[in-house]
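Asker: Quick one, what's the 3D model for this:
(one chain, ligands or ions: 1)
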Amino acid sequence: MVDLTSPTEIKRIMDGLGRGFNKSLGQNFLIDKNVLSEIVSASGIDKSFGVIEIGPGIGTLTQELLKKAGKVVSIELDRQIAGYLQKAFAFYDNFKIINADALKIDLKEIIKNEFGDMPCAVVANLPYYITTPLIMKFLEDGAQFESITVMIQKEVAKRLEAKCGTKDYGAITLAVNYYSNPEIITEVPPHCFMPAPKVTSAVIKLDVKNHTVPYVSNKEELFKIIKASFGQRRKTLVNGLSSLYPNLAKEQLKSIIYDVANNENIRGEQLSLEQFIQICENIVKIFAI
Ligand code: SAH
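Answerer: Numbers count the residues shown, from 1 in each chain. Modelled structure (predicted):
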């Protein structure tokens, strides 16, 4: 089997395609064998699983996934690389490559057609420029993944895993924690990639299967509230919420906040998901929405 973590091999393949790496597509290929096996083992996949991979590149991670998973479907935007992979991996009968923008695909449809009743997971070394929208798509699109194990920028990984009250805690932390239990698996330095990116990376696993989504009567309203609360960092919660609900008197908002947090001047980053849900329920009651 070809060693796809070898820089010489990667260079040979790219030279064969007559091209270099496309920086704007976030093409930084993994060249570290240990990190590769760490990602696959953290994902917990086995032969019963269907795996969605975003951005396979020349197939370094794909090759490892194919050994462990029942079936792998990889989505690659770069037409030339997708074409290359289609040919190079043609001998695998449990592999499919789709040449598309991962943000635009219909995940539910792909899972239904390709995996049927198999349990599904996302395992990928993501293109970093679309990390957040991709993760939200995996969580929100109604596709039922058991887990999402991805390489992303370390700073973003820290925001997803942040504890309440810390500087990294924000709307994205709450959104991810609503749907899953996030856990950083390992940090990955730039020299593990070719070409080496400027930033440090991290592998994070979002465990969906062992997570209970908390009850909230109006999910859309909850996320509107969370977004408004983090709109301007230094703002108190009451100011954030009064721009969302201009018809509610500030005093009324203050009393809702005090009931939940014992402090009417609290800021959004000091509130847990459960407290946001309580505030949401109280507001929903007032508006009967
Ligand atoms: N998984 C490979 C490559 C990671 S680099 C490895 O670990 O070596 C990120 C990959 O995502 C590149 O191949 C890039 O072409 C692809 N990509 C970038 N934007 C994309 C998009 N919108 N949809 C799908 N793939 C994309």
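Asker: How about the stretch 1-150 of the chain: which residue is closest to the ligand?
Answerer: Closest residue of the stretch 1-150 of the chain to the ligand, Cβ to the nearest ligand atom: G55 (2.2 Å). Every C-beta, even on glycine, is put in place using the N, C-alpha and C of the backbone.
Asker: Let me see the contact set for R19.
Answerer: Q80 (Cβ atoms under 8 Å, 6 or more residues apart in numbering).
Asker: Where does it sit: helix, strand or coil?
Answerer: coil (DSSP: H, G, I helix; E, B strand; the rest coil).
Asker: Do you know the pLDDT at the residue lying closest to T173 once chain neighbours are set aside?
Answerer: Counting by Cβ to Cβ, 6 or more residues apart in numbering, the nearest residue to T173 once its immediate chain neighbours are dropped is A162, at 4.8 Å. A162 is assigned 97 on the pLDDT scale.
Asker: Need phi/psi at the spatially closest residue to L77 that is not a sequence neighbour.
Answerer: Distance criterion Cβ to Cβ, 6+ apart; nearest residue to L77, sequence neighbours excluded, is D101 at 5.2 Å. Backbone torsions of D101, given as degrees, to the nearest 10, read phi -80, psi 120.
Asker: Quick check: D101 touching D78?
Answerer: No: the criterion here is Cβ atoms under 8 Å, and D101 misses it with D78 at 10.5 Å.
Asker: Same drill for the two, tell me which one is more crowded.
Answerer: Using other Cβ atoms under 10 Å, the more surrounded residue of D101 and D78 is D78, with 20 against 11.
Asker: per-residue pLDDT, the residue of the chain most remote from its centre?
Answerer: In terms of distance from the mean C-alpha position of the chain, E251 ranks first, at 38.2 Å (Cα atoms, centre = their mean). Looking at E251, its pLDDT is 93.
Asker: Also the one 4 residues further on?
Answerer: Looking at S255, its pLDDT stands at 94.
Asker: Over to the one 4 residues further on?
Answerer: Note on D259: pLDDT of 94.
Asker: residues contacting it?
Answerer: D259 is in contact with 278, 282, counting by Cβ under 8 Å, 6+ apart.
Asker: residue ranges with poor pLDDT in this protein?
Answerer: Low-confidence segments of the chain (pLDDT under 70): 233, 289.
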